[in-house]
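Engineer: coords please:
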Amino acid sequence: MSEQASHFDEYPAHGALTSSAALVKAWSALENFHSDLTVVGGLAIYFHTRDREHPLYRPTPTLDVDFGITLAADAGMAAPAAFALNCAGFRETDTGRIYLEAEHGKLFLDFLTEHPPAVTGTRNVSDLHASVCPGINRALCDPIKREVSGRDHLGDLRTFLIPFCNYGPLLVLKINAFAQRKGVKRGKDAYDILTLVRSCVDGPEKVVAAFGEEKRKENAGMKLALETLEQYFHDAEALGPTLASSFYLRSDDDMNSIIRLREDMVTVAMALLHS
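Structural biologist: Alright, predicted model coming up:
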């Protein structure tokens, strides 16, 4: 599926349903690895915000599935995770990305792991190409489990309790994605930060408090996250708020709506910095 959508309206309505279906299929195939995985990225934000009544900022229908995975995920397993996914119909590109051929195109599964002191690169984890991402170890701690229904890799209708990254570690990962990303997806990253805090089903106070807890837990990605908030989200004309408003709103929208979103983005950033 396209990774080049630059505006909220360009994300197809089927995105969340297709990604959720792929998540269920992958989760059922990876039965032996459940304790080593948690859902991160845009799909986690979607599930944390989709049930909020009358949200000021709507969740973005994401187009892929991101997993955090422990570095030693295949310890003691007879068959690696990549083999299990292959048997369930997932395939691998020439560059090592796992995908599912869905109705509307390829839907990608990406895997992230932590391997101190490395901060970039990839590692082979259970025959999967996993990108090194500081903060994943914290993402694997104390996830929030949510019900997800769909057809498993055998075609049976199932409901799973799937672990989704908790709010604090998820914000660290998303802020750092904004910091390291190039291209149009930075606008979605900025907007996702705003959405998670302002539209979370548990309310903004709990999300901000969870981010503050990551400071005390010495999350390996926190230093970059704080630097990014200070550099790119410090006022309404800074890059972060500008990209967030450009992603969600149109240039011909009411100027008051644009100003309000940007100011909300700054308020969120300041709350996180002082949490």
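Engineer: okay, CA-based contacts and neighbour counts for the rest of this
Structural biologist: Noted.
Engineer: pLDDT below threshold where in the stretch 151-275 of the chain?
Structural biologist: By pLDDT under 70, the stretch 151-275 of the chain contains no weakly predicted segment.
Engineer: can you give me the helices for it?
Structural biologist: Here the stretch 151-275 of the chain has its helices, by DSSP state H, counting those that start in this stretch, at 167-180, 185-199, 204-216, 222-232, 239-248, 255-273.
Engineer: other SSEs contacting the first one?
Structural biologist: The helices and strands touching helix 167-180, judged by 3 or more C-alpha pairs under 8 Å, 6 or more residues apart in numbering; DSSP states H and E, are helix 41-49, helix 136-139, helix 185-199, helix 204-216, helix 222-232.
Engineer: for the ones you listed, give me a markdown table that also has distance to Arg91 and mean neighbour count.
Structural biologist: Formatted as a markdown table, the helices and strands packed on helix 167-180 follow (distance: least, C-alpha to C-alpha, whole Å; neighbours: other C-alpha atoms under 10 Å):
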| stretch | distance to Arg91 | mean neighbour count |
| --- | --- | --- |
| helix 41-49 | 20 | 24 |
| helix 136-139 | 24 | 24 |
| helix 185-199 | 24 | 25 |
| helix 204-216 | 35 | 18 |
| helix 222-232 | 33 | 18 |
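Engineer: to Ser246, which of these lies closest?
Structural biologist: Across the helices and strands packed on helix 167-180, Ser246 has its closest neighbour in helix 185-199 (7.1 Å, C-alpha to C-alpha).
Engineer: my guess is Tyr99 contacts Glu92. True?
Structural biologist: Yes. Applying C-alpha atoms under 8 Å, one finds Tyr99 in contact with Glu92, separated by 6.1 Å.
Engineer: who has more neighbours, the two?
Structural biologist: More crowded of Tyr99 and Glu92, by other C-alpha atoms under 10 Å: Tyr99, with 23 against 17.
Engineer: related to what we said a few turns ago, how about JSON lines for the helices of the stretch 151-275 of the chain, with distance to Leu37 added?
Structural biologist: Output for the helices of the stretch 151-275 of the chain, formatted as JSON lines (distance: least, C-alpha to C-alpha, whole Å):
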{"stretch": "helix 167-180", "distance to Leu37": "14"}
{"stretch": "helix 185-199", "distance to Leu37": "21"}
{"stretch": "helix 204-216", "distance to Leu37": "19"}
{"stretch": "helix 222-232", "distance to Leu37": "21"}
{"stretch": "helix 239-248", "distance to Leu37": "29"}
{"stretch": "helix 255-273", "distance to Leu37": "26"}
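Engineer: among those helices, which is nearest Leu56?
Structural biologist: Among the helices of the stretch 151-275 of the chain, helix 185-199 comes nearest to Leu56, with 6.8 Å by C-alpha to C-alpha.
Engineer: which other residues reach the closest one?
Structural biologist: Around helix 185-199, the neighbours that count as contacts under C-alpha atoms under 8 Å, 6 or more residues apart in numbering are 3-8, 42, 45, 48-49, 52, 55-60, 167, 171, 174-175, 177-178, 203-204, 207-208, 240-241, 243-248, 264-265, 268.
Engineer: alpha carbons of stretch 187-203, as CSV, please.
Structural biologist: Included here for stretch 187-203 are C-alpha records, laid out as CSV according to Å, rounded to 0.1, in the frame of the first residue of the first chain:
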residue,chain,number,x,y,z
GLY,A,187,3.3,15.4,9.2
LYS,A,188,1.5,12.2,10.2
ASP,A,189,4.0,11.6,13.0
ALA,A,190,3.4,15.1,14.4
TYR,A,191,-0.4,14.6,14.1
ASP,A,192,-0.2,11.2,15.7
ILE,A,193,1.5,12.7,18.8
LEU,A,194,-1.3,15.3,19.1
THR,A,195,-4.0,12.6,18.6
LEU,A,196,-2.6,10.2,21.1
VAL,A,197,-2.6,12.8,23.8
ARG,A,198,-5.8,14.7,23.0
SER,A,199,-8.0,11.8,21.8
CYS,A,200,-6.9,8.9,23.9
VAL,A,201,-9.8,6.9,25.4
ASP,A,202,-8.2,7.3,28.8
GLY,A,203,-7.8,11.1,28.6
